[in-house]
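*Asks:* Sequence and computational prediction follow.
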Amino acid sequence: MSIVAHNIRKIGVMGAGQMGTGIALVSALRAKVPVLLYDRSPEQTKKGLAFVDKLLEKDVNKGRIQSIDAKEAKDRIQVVGHEEGIKGMRDVDMVIEAVSESLPLKQAIFASLAAEINPNAILATNTSSISITKIAASAVPKDVSSASDEGKKIAGRVVGLHFFNPVPVMKLVELISALQTTPDVLNRARSFAVACGKEVTTSKDVPGFVSNALLMPFINEAIMCLEKGIATKEDIDTTLKLGMNHPMGPLQLADFIGLDTCLAIQQTLYEGTRDSKYRPSILLERMVDAQWYGKKNGKGFYEY
Ligand code: CAA
């Protein structure tokens, strides 16, 4: 497929967690666009920026980039203050939303984005499993018909751009068109992901898309294997690492993604398909009940 010019001169990233921070970094360093980064927690933003510094410094020390490239990339990332919020991003050409996997949260954000941001900007979501079509519908104000030209134009700006963790390392972006997404928005979003140094695959808007429709049952099966006492967590992970050459075992990977995120994705898959093969294991539910979220808060299947 030929690559069209993305014409994106400035982006906004919503959410400074592990995904949002990584997206801000590759956008600033690889696509070389100014980035406005916003998170409702200033503490999280501070943590995210410190992580960006660490990764840039490592790239300089390893001779992959010059210190001037690191400085320019860092300078391209500006923080939007809490008072300004979404309004602080009004002049961007694209927003990439990377907040937690909650449909009501994303719906509220997309309604605000559509109201506040430059009306020609692309509104992308990094959701791992939620329907892009549903998110696009939430961008249309209540008093505008989704079937009208205005409604179609608003929802047509929304697209799924699914990055993988850790974003600076993983080479893939999954591109998902909502029913409403216009071909121009889809093509420009693809070109932007390519400018970030990523290879792009396309998936239909089904629960979990291709990536998580395949990955989550695999992770869940590993958790059930542990739950049934078939093997220890170490043996389950080592079997997959050494037997199948996976970089991480499935339980280690679940900790790395976040057990709360894995559960949220599995619930979306299960509710969206009503297929029992996607039903989350009780052990995963209980671990999230215990607020053991994996690497991000120090306790999951392993201790960090
Ligand atoms: N952020 C940025 N870079 C990171 C990182 C992070 N969180 N963690 C590791 N890295 C970098 C390291 O700095 C290192 O970089 P250099 O080569 O420049 O030194 C490189 O990754 C390799 O790291 P390590 O040598 O420390 O460790 P490793 O060889 O075990 O690799 C890994 C770490 C890249 C994470 C590897 O284990 C891996 O590929 N794991 C699988 C990751 C995966 O499957 N991700 C997808 C999850 S699913 C998802 O994200 C989508 C979803 O919807 C749920």
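*Replies:* Perfect, I can see it now.
*Asks:* I'd like to know how far the residue of the stretch 151-300 of the chain found nearest the ligand sits from Y304.
*Replies:* In the stretch 151-300 of the chain, the residue found nearest to the ligand is P166; the distance is 3.1 Å by Cβ to the nearest ligand atom. In short, each C-beta sits where N, CA and C put it, glycine included. Counting by Cβ to Cβ, to the nearest Å, the gap between P166 and Y304 amounts to 15 Å.
*Asks:* do A290 as well
*Replies:* Distance of A290 to Y304, computed by Cβ to Cβ: 15 Å.
*Asks:* So which bits of the chain are right by the ligand?
*Replies:* For the chain, the residues found near the ligand under the criterion Cβ under 6 Å from any ligand atom are 55, 58, 62, 128, 164-166, 168-170, 211-212, 247-248, 253, 257.
*Asks:* Can you say which of the residues you listed are buried?
*Replies:* Neighbour counting with 16 or more other Cβ atoms under 10 Å marks 55, 128, 164-165, 168, 211-212, 253, 257 as buried within those.
*Asks:* For those, work out which two are farthest apart.
*Replies:* The largest distance within these, taken as Cβ to Cβ, falls between L55 and N212 and amounts to 25.1 Å.
*Asks:* Report the contact partners of the residue of the stretch 151-300 of the chain closest to the ligand.
*Replies:* P166 is in contact with 18, 22, counting by Cβ atoms under 8 Å, 6 or more residues apart in numbering.
*Asks:* Pull the contacting residues for the nearest residue to G197 once chain neighbours are set aside.
*Replies:* Counting by Cβ to Cβ, 6 or more residues apart in numbering, G197 lies nearest to R30, which is 4.3 Å off, once chain neighbours are set aside. Residues counted as contacts of R30 (Cβ under 8 Å, 6+ apart) are 195-197.
*Asks:* out of these, which are buried?
*Replies:* For these, a burial check counting by 16+ other Cβ under 10 Å picks out 195-196.
*Asks:* Tell me how far A189 lies from A136.
*Replies:* Distance from A189 to A136, counting by Cβ to Cβ: 13 Å.
*Asks:* swap that for K152, please
*Replies:* Taking Cβ to Cβ, one finds K152 at 10 Å from A136.
*Asks:* Over to F209?
*Replies:* As judged by Cβ to Cβ, F209 and A136 stand 15 Å apart.
*Asks:* Could you check which of the two has the larger neighbour count?
*Replies:* Neighbours per residue, other Cβ atoms under 10 Å: of F209 and A136, the larger number sits with A136, 27 against 22.
*Asks:* Check the more buried one and give its pLDDT.
*Replies:* Residue-level confidence at A136 comes out at 98, pLDDT.
*Asks:* Equivalent analysis for S2, please.
*Replies:* In the predicted model, S2 carries a pLDDT score of 60.
*Asks:* Same check on the one 3 residues further on?
*Replies:* Confidence per residue is given as pLDDT, and for A5 that number is 84.
*Asks:* what residues are up against it?
*Replies:* Contacts for A5 were tallied using Cβ under 8 Å, 6+ apart; they are 188, 191.
*Asks:* tally of neighbours for F301?
*Replies:* Applying other Cβ under 10 Å, we find 24 residues neighbouring F301.
*Asks:* That one contacts F256, doesn't it?
*Replies:* No. Counting by Cβ atoms under 8 Å, F301 stays clear of F256, with 10.3 Å between them.
*Asks:* Common neighbours of the two, please.
*Replies:* What both F301 and F256 touch, as defined by Cβ under 8 Å, 6+ apart, is the set G294.
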